[in-house]
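Q: using only what follows, build the 3D model:
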Amino acid sequence: MERVELIQRYQCGDRTFAQVDLHEQTLIGIDLSHSHMPAARFAIANLSSANLSHCSLNQADFNVARLRGANLTQAQLVEAKLNVTNLVRATLTGADLSGSSMVRAEATRCELSQARLCQANLTESDLREAHLRGSDLTQANLSRVKLRQSDLTGACLDGCQMVAVDLTQADLRGATLHQAQLENAQLSQANFQGANLRGACLRWANLRDADLQRADLTGAKLSGADLTGANLQGANLTAASFVHANLTQTNLMQTQWHQADLTEAQLTGAKLHGSSRFHLKTRNLRCDWVDLSADGSALPSALK
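A: Numbering: from 1, shown residues only. Presented below is the predicted three-dimensional model:
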């Protein structure tokens with residue numbers, strides 16, 4: 001089908017274009033909103049600024065397509081193929097991308113708030129400064145994804161594969177990351193205030209200067225992680241593992257860390273006022289001094 005025929009049919013009221021083949025077509029700015037186009041082929045097509053809002057595009061092929069600035073609000077894209085697709089500044093608010101493949105997609109500043117991305121594969125995609133507020137990414141694959149300065153407040157990332165993900169300066173306040181896999185992740189200066197990280201794996205993650213106030217890290221695995229200067233005030237660290245972790249000058253005031261494992265960890269300069277620390281494992285713990293003052297500004301004290 002050619003562009004002219006498609007537009008004519010749409011203007012005549014036709015909204016069903018099942019398995020339509022528009023690969024390599026130039027469709028800049030086209031309006032196909034509310035259309036039913038399952039298994040459509042848009043590979044390598046140029047759909048920049050197109051209006052595909054409220055469309056049914058389940059299992060559609062958008063591989064290597066250009067969707068820059070396109071409107072896909074509340075579109076159905078279940079199991080769609082969006083590999084190496086340009087989604088820069090595209091709007092996918094409320095879209096359903098469950099089971100979709102977005103490997104190496106370019107989606108900087110993409111709007112994905114309230115979107116559904118359960119079990120989606122976003123490996124190595126670029127989502128810097130993207131908006132994913134309240135999105136559902138349960139069991140999605142975000143390995144090596146660039147999410148620097150992105151907004152994931154209130155997002156669900158339970159069971160996600162996030163190995164080597166870059167969340168530097170990202171906002172994850174109130175997000176849930178229950179049993180998420182974040183080995184070797186870049187999380188420096190990220191905001192995890194009130195986040196649920198129960199059972200999450202953060203081995204060798206970079207959490208320098210991260211904000212984890214009131215976060216739930218019960219049973220989390222942080223072996224080898226760098227938490228230098230991080231703020232964990234009021235966090236729940238019960239049964240968490242910090243083996244070989246660097247907690248230099250970390251704020252641990254008012255934390256709960258019963259049965260936490262600090263074997264061979266570095267704790268020098270940590271702020272510990274009001275923390276509840278019973279039955280800790282401290283074999284070969286390295287600690288020259290700690291701060292036990294109420295305001296975190298006291299002279300060095302010995303850990304007791």
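
Q: CA only for contacts and neighbour counts going forward, please
A: Noted.

Q: Arg283: neighbour count?
A: 12 (other Cα atoms under 10 Å).

Q: nearest residue to it in space, please, no chain neighbours.
A: Spatial nearest neighbour of Arg283, excluding adjacent residues (Cα to Cα, 6 or more residues apart in numbering): Thr263 at 4.8 Å.

Q: ok, now which ones touch that neighbour?
A: For Thr263, the contacting residues are Phe242, Val243, His244, Lys281, Thr282, Arg283, Asn284, Leu285, by Cα atoms under 8 Å, 6 or more residues apart in numbering.

Q: distance check, it against Leu272.
A: Applying Cα to Cα, to the nearest Å, the value for Thr263 to Leu272 is 17 Å.

Q: show me where pLDDT drops low in this protein?
A: For the chain, the stretches with pLDDT under 70 are 296-304.

Q: ok, which stretches of it are helices?
A: In the chain, the helices defined using DSSP state H lie at 3-11.

Q: got a list of contacts for stretch 105-119?
A: 74, 82-100, 122, 124-141.

Q: can you rerun that using 7 Å?
A: If you take Cα atoms under 7 Å, 6 or more residues apart in numbering as the criterion, stretch 105-119 is touched by 82-99, 125-141.

Q: before we move on, what about stretch 268-288?
A: With Cα under 7 Å, 6+ apart as the test, stretch 268-288 has contacts from 247-267, 289-294, 296.

Q: equivalent analysis for stretch 138-146, please.
A: For stretch 138-146, using Cα under 7 Å, 6+ apart, the contacting residues are 117-128, 156-167.

Q: next, count neighbours for the nearest residue to Gln114 once chain neighbours are set aside.
A: Excluding the flanking residues, the one nearest Gln114 by Cα to Cα, 6+ apart is Ser135, at 4.2 Å. Neighbours of Ser135 under the rule other Cα under 10 Å: 25.

Q: would you confirm that Ser135 contacts Cys156?
A: Yes: taking Cα atoms under 7 Å as the definition, Ser135 is a contact partner of Cys156 at 6.3 Å.

Q: which neighbours do those two share?
A: If you check Ser135 and Cys156 against Cα under 7 Å, 6+ apart, no residue is contacted by both.

Q: now for Ala260: which residues touch it?
A: Leu237, Thr238, Ala239, Ala240, Ser241, Leu280, Lys281.

Q: list only buried entries from those residues.
A: Neighbour counting by 16 or more other Cα atoms under 10 Å classes Leu237, Thr238, Ala239, Ala240, Ser241, Lys281 among the contacts of Ala260 as buried.

Q: among the residues you listed, name the ones in strands.
A: With DSSP state E as the criterion, strands contain none of the buried ones among the contacts of Ala260.

Q: export those residues to JSON lines and append columns for distance to Gln213.
A: Below are those laid out as JSON lines (distance: Cα to Cα, whole Å):
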{"residue": "Leu237", "distance to Gln213": "11"}
{"residue": "Thr238", "distance to Gln213": "15"}
{"residue": "Ala239", "distance to Gln213": "17"}
{"residue": "Ala240", "distance to Gln213": "15"}
{"residue": "Ser241", "distance to Gln213": "18"}
{"residue": "Lys281", "distance to Gln213": "23"}
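
Q: identify the farthest-apart pair in those residues.
A: Leu237 and Lys281 (12.9 Å; Cα to Cα).

Q: what's the burial count for Val4?
A: 10.

Q: meant to ask about Cys12
A: 9.

Q: from Glu5, how far out is it?
A: From Cys12 across to Glu5, the span is 11 Å (Cα to Cα).

Q: so where do the strands sit in the chain?
A: Going by DSSP E, the chain shows no strands.

Q: who does Gln266 form a beta bridge with?
A: For Gln266, the beta-bridge partners under DSSP bridges are Asn246, Arg286.

Q: for it, which residues are in contact?
A: Ala245, Asn246, Leu247, Thr248, Leu285, Arg286, Cys287.

Q: surely the third one and Gly224 touch.
A: No: here Leu247 lies out of contact with Gly224, judged by Cα under 7 Å, at a distance of 10.1 Å.

Q: got the contact list for Arg66?
A: Each residue near Arg66 by Cα under 7 Å, 6+ apart is listed here: Ile44, Ala45, Asn46, Leu47, Ser48, Thr85, Asn86, Leu87.
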